[in-house]
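>>> from the sequence below, what's the structure:
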Amino acid sequence: MNTDQIIDAGRAAPNLEAAFPYAKELQRIVAENALWIPLVQQNAYIATRHWVDGIRPHGQYGVTLSYGQMDIELSDRDE
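Take a look at the predicted model:
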């Protein structure tokens, strides 16, 4: 089935339960064939100290350094 046929079959289903498999298949096809083009690339400049290890910003929602936006480990400050 192509996507048009899946949409038509889902619309012709008698109820939402019967239409669910068509919606699921349509979402699978769209997700597998989706083309993602990055439009913006931001550089992250981070200043750290010798006791900060393994800092890695996620960059999921822009380059922010708020809580939950990066992985960080702290070592003993006396080293």
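>>> any idea how this structure splits into domains?
Listed by automatic domain parsing, the domain ranges of the chain are 3-33, 37-79.
>>> next, the buried residues of the shortest one.
Translated: domain 3-33. Residues of domain 3-33 classed as buried by neighbour count (16 or more other C-beta atoms under 10 Å): Ile6, Ala9, Gly10, Tyr22, Leu26. (Glycine included, C-beta is placed from N, CA and C.)
>>> tell me the SS of Ala19?
State at Ala19, reduced to three classes by DSSP: H, G, I helix; E, B strand; the rest coil: helix.
>>> gap between it and Asp8?
Plainly put, Ala19 is 11 Å away from Asp8 if you go by C-beta to C-beta, to the nearest Å.
>>> picking up where we left off before, mean pLDDT lowest for which of the domains of the chain?
Mean pLDDT per stretch puts domain 37-79 lowest among the domains of the chain, at a mean of 66.
>>> turn the buried residues of domain 3-33 into a markdown table, columns for secondary structure and distance to Asp53.
A markdown table is the format used below for those (DSSP: H, G, I helix; E, B strand; the rest coil; distance: C-beta to C-beta, whole Å):
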| residue | secondary structure | distance to Asp53 |
| --- | --- | --- |
| Ile6 | helix | 50 |
| Ala9 | helix | 54 |
| Gly10 | helix | 51 |
| Tyr22 | helix | 50 |
| Leu26 | helix | 45 |
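>>> tell me which two in the residues you listed are the farthest apart.
The most widely separated members of the buried residues of domain 3-33 are Ala9 and Leu26, with 9.6 Å between them, by C-beta to C-beta.
>>> who's Val52 bridged to?
Applying DSSP bridges to Val52 gives these bridge partners: Leu74.
>>> any figure for the gap between it and Asp76?
From Val52 to Asp76 the distance is 12 Å (C-beta to C-beta).
>>> number of residues surrounding Ser75?
Using other C-beta atoms under 10 Å, Ser75 has 12 neighbouring residues.
>>> surely it and Thr48 touch.
No: applying C-beta atoms under 8 Å as the test, Ser75 and Thr48 come out as separate, 11.1 Å apart.
>>> returning to what we had before: any chance of the buried residues of domain 3-33 in JSON lines, plus distance to Asn33?
Output for the buried residues of domain 3-33, formatted as JSON lines (distance: C-beta to C-beta, whole Å):
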{"residue": "Ile6", "distance to Asn33": "13"}
{"residue": "Ala9", "distance to Asn33": "19"}
{"residue": "Gly10", "distance to Asn33": "18"}
{"residue": "Tyr22", "distance to Asn33": "17"}
{"residue": "Leu26", "distance to Asn33": "11"}
